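>>> I would like the atomic coordinates for the input below:
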Amino acid sequence: MKPIPQALDTANRLAAGEMHVNIAATTRDETGQMPAALKNMADQLTRIISEVRSSVDSIASASEEASATAQTISQAASEEQSNGVTQVNGAVGQLNQATKQTASSPALMRNGQPLGTTLGPSVQDSAIGAFSARSDPGPRPNAAQHD
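So this is what the prediction gives:
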């Protein structure tokens, strides 16, 4: 085959994705060197594609490892959060039990009734009054005084 038709055939085969082409230089002039240049180009493209595939495989592997690590961390965080909620629930339960025991203590009973039931509204009013007094900012420093 002549150099130019051979170069065209090689270029079309490369364009179709066929990277393993066998081309022989037929002459030493520029036209004869073109098929060898195309062969060199095909070899370099094959090497580059191989390197890209290897890099893609490495990235995919690292991505899978990162995903597995993130999932492990997420599970551990969920377990810690669940343990924290369980501890808080346990503490609230203990506090509730201690409050019930204290409320039913003979020292806090009047006429067989817990003090909280007989004094409830007045204690509640006192608590609201104390809170309101703490919430009241009092007179403002720059407020105009009226006589």
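>>> From here on, just use CA atoms for contacts and neighbour counts.
Will do.
>>> Is residue 43 in a helix, a strand, or coil?
helix (DSSP: H, G, I helix; E, B strand; the rest coil).
>>> Provide a list of residues in contact with it.
By Cα atoms under 8 Å, 6 or more residues apart in numbering, the contact set of residue 43 is 19, 20.
>>> What's the separation between it and residue 33?
Per Cα to Cα, to the nearest Å, residue 43 is found 15 Å from residue 33.
>>> now do residue 73
Between residue 73 and residue 33 the computed distance is 60 Å (Cα to Cα).
>>> Neighbour count for the two, which is higher?
residue 33 (17 against 12; other Cα atoms under 10 Å).
>>> so the more buried one makes contact with residue 39?
No: contact status for residue 33 versus residue 39: not in contact, 10.0 Å apart, counting by Cα atoms under 8 Å.
>>> can you count the residues close to residue 34?
Other residues lying near residue 34 total 22 when counted by other Cα under 10 Å.
>>> do residue 42 as well
Using other Cα under 10 Å, residue 42 has 22 other residues around it.
>>> which ones are touching the nearest residue to it once chain neighbours are set aside?
Nearest in space to residue 42, with sequence neighbours left out and distances taken as Cα to Cα, 6 or more residues apart in numbering, is residue 19 at 5.5 Å. Residue 19 is in contact with 13, 42, 43, 45, 46, counting by Cα under 8 Å, 6+ apart.
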